[in-house]
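S.K.: Structure for this input, please:
(4 chains)
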There are 4 protein chains.
Amino acid sequence: MGLKVGVLGATGYTGAELIRYLVNHSGVEISWLTSEKFAGKKISEVFPQFRKFLDIECVNIAKLAGLDEVDVAFSCLPHGTSMHFVSKLLQKGTRVIDFSSDFRIKDVETYERWYKVKHAYRYYIEEAVYGLPEIYREKIRDARLVANPGCFATSVILGLAPLYSRGLIKEDSVIVDSKAGITGAGRAPSLEQHYSECNESVSSYRVEGHRQKPEMEHVLSNLGEGKANVTFVPHTVPISRGILTTIYTRYKEKGAEDGLIDLYNQFYIRDSFVRVYKKDKLPSVKSVRFSNFCDIGLGFQEGSLIAVVALDNLGKGASGQAVQNMNIMFDFPEEEALKSPGIFP
Amino acid sequence: MGLKVGVLGATGYTGAELIRYLVNHSGVEISWLTSEKFAGKKISEVFPQFRKFLDIECVNIAKLAGLDEVDVAFSCLPHGTSMHFVSKLLQKGTRVIDFSSDFRIKDVETYERWYKVKHAYRYYIEEAVYGLPEIYREKIRDARLVANPGCFATSVILGLAPLYSRGLIKEDSVIVDSKAGITGAGRAPSLEQHYSECNESVSSYRVEGHRQKPEMEHVLSNLGEGKANVTFVPHTVPISRGILTTIYTRYKEKGAEDGLIDLYNQFYIRDSFVRVYKKDKLPSVKSVRFSNFCDIGLGFQEGSLIAVVALDNLGKGASGQAVQNMNIMFDFPEEEALKSPGIFP
Amino acid sequence: MGLKVGVLGATGYTGAELIRYLVNHSGVEISWLTSEKFAGKKISEVFPQFRKFLDIECVNIAKLAGLDEVDVAFSCLPHGTSMHFVSKLLQKGTRVIDFSSDFRIKDVETYERWYKVKHAYRYYIEEAVYGLPEIYREKIRDARLVANPGCFATSVILGLAPLYSRGLIKEDSVIVDSKAGITGAGRAPSLEQHYSECNESVSSYRVEGHRQKPEMEHVLSNLGEGKANVTFVPHTVPISRGILTTIYTRYKEKGAEDGLIDLYNQFYIRDSFVRVYKKDKLPSVKSVRFSNFCDIGLGFQEGSLIAVVALDNLGKGASGQAVQNMNIMFDFPEEEALKSPGIFP
Amino acid sequence: MGLKVGVLGATGYTGAELIRYLVNHSGVEISWLTSEKFAGKKISEVFPQFRKFLDIECVNIAKLAGLDEVDVAFSCLPHGTSMHFVSKLLQKGTRVIDFSSDFRIKDVETYERWYKVKHAYRYYIEEAVYGLPEIYREKIRDARLVANPGCFATSVILGLAPLYSRGLIKEDSVIVDSKAGITGAGRAPSLEQHYSECNESVSSYRVEGHRQKPEMEHVLSNLGEGKANVTFVPHTVPISRGILTTIYTRYKEKGAEDGLIDLYNQFYIRDSFVRVYKKDKLPSVKSVRFSNFCDIGLGFQEGSLIAVVALDNLGKGASGQAVQNMNIMFDFPEEEALKSPGIFP
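M.R.: Numbers count the residues shown, from 1 in each chain, chains lettered A, B, ... in the order given. Modelled structure (predicted):
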């Protein structure tokens, strides 16, 4: 008898990826899946790749109260909606891993300003643990509510954490330019993600400030002394999955180049899913696709330190990380169901 | 102590995919990998996705004689070259799974005419077993030499086998139009597979006859009574992986439509990796990518039966199928290391 | 003072492509553009590529009656809707080129059966001319209403016309397999054309019969003696633009291969936009993108004649062909605004 | 009788694009094309899109001395090679537009250090004019030798020129992150540009410093007072054509935001091919593909000015710009053959 799992909002891209990991997991069984659009349909009809793997029917979330109790629920619902169902599950005693941003930001006013949503569950914000195992592994272990990090935030925090933790960064010098695949925008049809609109194009968005900025700055600030300040611009590139984040910064001590790769290796020594590259090697999206790895390389250009970070936005950037959190919360080996290399090509 | 495995020509696309399955396999250990281009380099340097999974060094095939004995070797070498190394391994008593076409065709003259290569090992052709488990599972079990099928041939044979085995097809009526991803052409750089040449294009090739035609016609002929005759044209489409094969044929008995899906389901009842679709559903490449599945759907248009077959050319079309053959040969569960759904999106 | 032109439904893909040709045309001026979604916006805001070219505001089609009279109007509206506005314009004396299928099919019952729409303007169907200049150039010259052909139909008719006109085809032997880019499905967002759904995939659709079948069969039947019968299956491939159509047929006289390319060259001798390839050369989508060309090559495989046809679905398959029709109707040189090679890569 | 034109190295991507513009140009005729790989072949065989446009045969560059004299020659040869043929043509009195970097950098030592090539023609460096019309239009008019700018440099200089010319930029604050399509790497097959290697990936390269840095810094330094210092990292994204360059900088006067778009508009008031976007609008690659336009938008994020620049690397980034230079040199209207909007989608 495995761990009982439920998934809210299972028929988007993070849902599909989550189910893929769960059917490969030796210790869990999926009890229920909710979907508004596909309620009443078998998951194997919605996603034909699951034929011969999982045949249960999606139910409408309105029926949540009547569903079997589970040990853990994942919420793949959008922010603003997720908080309501998360709080219902917590009240029943279910532990929850929430993919949305609803419980990531400790300061409610900051949340409300960036997300234009009233937050109704301040008491849960406080106990929520930010689900980045490389930073908060111990807290995750006992958490009732894990706020799964944003995909961009994961790449930026992991790319900068060793530097912030040692206070090596010059104030006001962090510029982050991310390039992200189209799945990042979700599965709901829209003109921007219509094939012929985004294919063969590159564009920037939210140059004036992206919603994942506060969570990056918050976690990085906590690692160091001063307040972290990140200029961050995401870009859309025509790939289905993956993020490449290029981080430009100036560090305080000149001549420190040689030690930096060691510092990164040391910082992530206990972390199976972070791979620091050797000198003169930089990661590309191709090496991490469909995996839970976050690959980091360092380069230098006349006084600037350039960290290049690659991850799969649906893997380490969402569903893979969520399963990693579940493994930690329920004492499975942290790599269970996730120990698979990226797939190339 | 697991089964000892060696791989000839490990640094192409079929090699990378094969290694991915092998590192996920509970019962094998990789003893050696050969590569001409990357001899002396660690496989994790050639393919960064294998960091933390496999670190052994690639050796030049010239040193084959000095390598450890293995229980089974896979050859990912090109035809014409492969036969020489396969025969060396067989002489040492190693069982071999050969990805090339060198031992697929029983009639040596046919082989030499299509491949423009002299065949030096007629005696091994005879004992070679065509590695399509759905048709030849029992023979594969005891084979010393398995000739792993071509990717197009796999899609065409699986799409037509139930019909040929029952003699339902009108003579001379089989037209096959395949659309294949770019990895099918291998990893050696060439103008045709240069990104900007094939991106945003579709083209046909070998309209006068493709080399996998003889193996398709041979296996299909053996299933039925008369000689199978297939008009086959492959096309290149700008996707990395996957084949969609559309088969047009006219069947003998009118009104037989209803029973045909049942016939297919019945034919593949023991086969984990073939999925027959329900009425009015047809597979797409998206549902089988990165998996060992071959999905088949049937449609009808005014007297024509249209079978649509999807598989991943590096999965069921090459490396996945090879691992399936290995599992059969060495009494592993047939699905070991392969039991993973396609990855979407 | 140029020819005055209006465009109904100008903000889809065929509209954008049409405007591109029109702003390059020496003899026309655009009087108005209608758009439901973007009414009130400048066309250069909807499509930034038109900044410095065209700045007029899109108007809602409800205001059609109040718009300036034009010499010719193009309708890029969907079938079922288009007929109503086309008939209004015709009543005002405006000549019309209709991109929709509403006036392509002479037999109303056939139209209504395939398109599930009641046709309210039978009297206009009769006078409508099918706008394929290579077949109906003379009729187009004086037409009040031109029914611009479907993109698939254009490729199939041009690929088969020389054979049908000479009665060279064996009955019941025509199989057509088309591969088309995603713009063919239009600009309205939908799950099927959502980037990550169709990227890296290939799929078939309408295997049971596609709506452009009747117009293909009708025109081809008129060219020859008997009734043309085409088995036709379209496929979707992840390119923005372009169609590759592969036509499989068996011809009556064996040994006729050599003369066939000559036959095609002869048939299209007056046609600037059809290019017949030399022996052993076949066209790809890459060579016709962004142009009004239709390229045709012939191949042979054991008794089968294989014609491969490439065109751009928005060029010769829609907007380019419409401008070609306009040029014929208004005595411009047929190549005006269209005399540009495909763009590579 | 038009201007006589010759092209060195005509069968790469810049050559194909150049020919496309030239066959659309009312005032030129192409006298000869050289190609090493395709010598003896008609250009319409090498590039089927030119059938019905241009049929002349490519000649080997070894025969350059025997070719007809032309008024202007374009060199699409690689750096290091180009200088030798450029100097030969100059000695014959031919005016030359050189696509390579050989004559872009005034300081020979800088050239030799970055390009690892000995420069043999110092005297021509001095008279060469950097072919960026928006900055050097008057000098181009009378130049014998125009050094056509690099594609990245064009985007960076045009994106920063108004700021540098007014001294608005804080020292050491310019970070440039470019995303470029695959044609930028040329047409010679290589593993990096092999379809399945770069498709569905994003990667950075030359983080330690890219060769176009010196030309950017040189031109920008000349516009202002101090020495310009640019941290520049290019990235590869899976599109055939186009560059999006994101420029991050901090400007000296706070509160200057409002005037900056005006400043840009004013700076480029005479320039047909630069389009400055309105507030809150940013360009994407999609709007400039296949055109000679350079689109610029400005955004702001907490003290940072973010300029986003889009151009087609083969258009304004190479062949389009070269034709613009030719138009200036030979008193054609500057827009001749180039006045066409980008093509969408």
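S.K.: Packing partners of the helix ranked longest in chain A?
M.R.: In chain A, taking DSSP state H as the definition, the longest helix is helix A:151-165. The contact analysis (3 or more Cβ pairs under 8 Å, 6 or more residues apart in numbering or on different chains; DSSP states H and E) places helix A:151-165 against helix A:133-141, strand A:174-180, helix A:213-223, strand A:230-236, strand A:243-250, helix A:257-267, strand A:294-301, strand A:304-311. Where you see a C-beta, it was placed from the backbone N, CA and C, and this is true even at glycine.
S.K.: Which positions within it qualify as buried?
M.R.: A:151-164 (16 or more other Cβ atoms under 10 Å in any protein chain shown).
S.K.: Looking at the helices and strands packed on helix A:151-165, which is nearest to C:N229?
M.R.: strand A:230-236 (46.3 Å; Cβ to Cβ).
S.K.: Contacts (any at all) between chain C and the closest one?
M.R.: No. On the criterion Cβ under 8 Å from any Cβ of the partner chain, strand A:230-236 is out of touch with chain C, staying 9.7 Å away.
S.K.: what does stretch A:80-96 rub up against?
M.R.: The contact list for stretch A:80-96, computed with Cβ atoms under 8 Å, 6 or more residues apart in numbering or on different chains, reads A:6, A:8, A:61, A:64-65, A:69-75, A:77, A:98-100, A:102-103, A:115, A:117, A:119-121, A:124, A:143-146, A:329.
S.K.: per-stretch mean pLDDT over the helices and strands packed on helix A:151-165, give me the minimum one.
M.R.: Per-stretch mean pLDDT for the helices and strands packed on helix A:151-165 is lowest at helix A:257-267 (a mean of 92).
S.K.: and the worst-scoring helix or strand of chain A on mean pLDDT, what other elements does it pack with?
M.R.: Sorting the helices and strands of chain A by mean pLDDT, DSSP states H and E puts helix A:257-267 at the bottom, at a mean of 92. Judged by 3+ Cβ pairs under 8 Å, 6+ apart, the packing partners of helix A:257-267 are helix A:151-165, strand A:274-276, strand A:294-301.
S.K.: Name the surrounding residues that touch the second one.
M.R.: I take that to be strand A:274-276. A:134, A:158, A:261, A:264-265, A:268, A:283, A:293-297, B:51-52.
S.K.: let's see it at 7 Å
M.R.: Outside strand A:274-276, the residues that touch it by Cβ atoms under 7 Å, 6 or more residues apart in numbering or on different chains are A:E134, A:L158, A:I261, A:Y264, A:N265, A:Y268, A:F293, A:C294, A:D295, A:I296, B:R51, B:K52.
S.K.: Adding distance to D:Q91, write those residues out as JSON lines.
M.R.: Below are the contacts of strand A:274-276 laid out as JSON lines (distance: Cβ to Cβ, whole Å):
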{"residue": "A:E134", "distance to D:Q91": "64"}
{"residue": "A:L158", "distance to D:Q91": "58"}
{"residue": "A:I261", "distance to D:Q91": "52"}
{"residue": "A:Y264", "distance to D:Q91": "56"}
{"residue": "A:N265", "distance to D:Q91": "58"}
{"residue": "A:Y268", "distance to D:Q91": "61"}
{"residue": "A:F293", "distance to D:Q91": "58"}
{"residue": "A:C294", "distance to D:Q91": "57"}
{"residue": "A:D295", "distance to D:Q91": "53"}
{"residue": "A:I296", "distance to D:Q91": "53"}
{"residue": "B:R51", "distance to D:Q91": "55"}
{"residue": "B:K52", "distance to D:Q91": "60"}
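S.K.: What parts of the stretch 151-300 of chain A come near chain C?
M.R.: Within reach of chain C by Cβ under 7 Å from any Cβ of the partner chain, the stretch 151-300 of chain A has these residues: A:182-183, A:187, A:189-191, A:193-196, A:198-200, A:240.
S.K.: ok, so of those residues, who is nearest D:G315?
M.R.: Nearest to D:G315 among these, counting by Cβ to Cβ, is A:E200 at 13.9 Å.
S.K.: thinking again about what came up before, of the contacts of stretch A:80-96, just the buried ones, PyMOL syntax please.
M.R.: Here is the PyMOL command that selects only those of these that count as buried (16+ other Cβ under 10 Å):
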select buried, chain A and resi 6+8+61+64+70+71+72+73+74+75+77+98+99+100+102+103+115+119+121+124+143+145+146+329
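S.K.: Among the contacts of stretch A:80-96, which are located in helices?
M.R.: Of these, the ones assigned to helices by DSSP H are A:Y115, A:Y124, A:M329.
S.K.: ok, the last one - contacts?
M.R.: Right, A:M329. So A:M329 contacts A:V72, A:R95, A:I140, A:R141, A:A143 (Cβ under 7 Å, 6+ apart).
S.K.: Compute the distance between the third one and chain C, please.
M.R.: By that I understand A:I140. Using Cβ to the nearest Cβ, to the nearest Å, A:I140 is found at 30 Å from chain C.
S.K.: Not counting its neighbours along the chain, what's nearest that residue?
M.R.: A:I328 (4.9 Å; Cβ to Cβ, 6 or more residues apart in numbering or on different chains).
S.K.: Just give me the neighbour total for that neighbour.
M.R.: When neighbours are counted by other Cβ atoms under 10 Å in any protein chain shown, A:I328 registers 22.
S.K.: isn't it right up against A:D142?
M.R.: No. With contact defined as Cβ atoms under 7 Å, A:I328 does not reach A:D142; the gap is 9.7 Å.
S.K.: Residues of chain A that sit close to chain B?
M.R.: Residues of chain A found near chain B (Cβ under 7 Å from any Cβ) are A:13, A:16, A:20, A:23-24, A:47-53, A:183, A:200, A:240, A:275, A:283, A:287, A:290, A:340-345.
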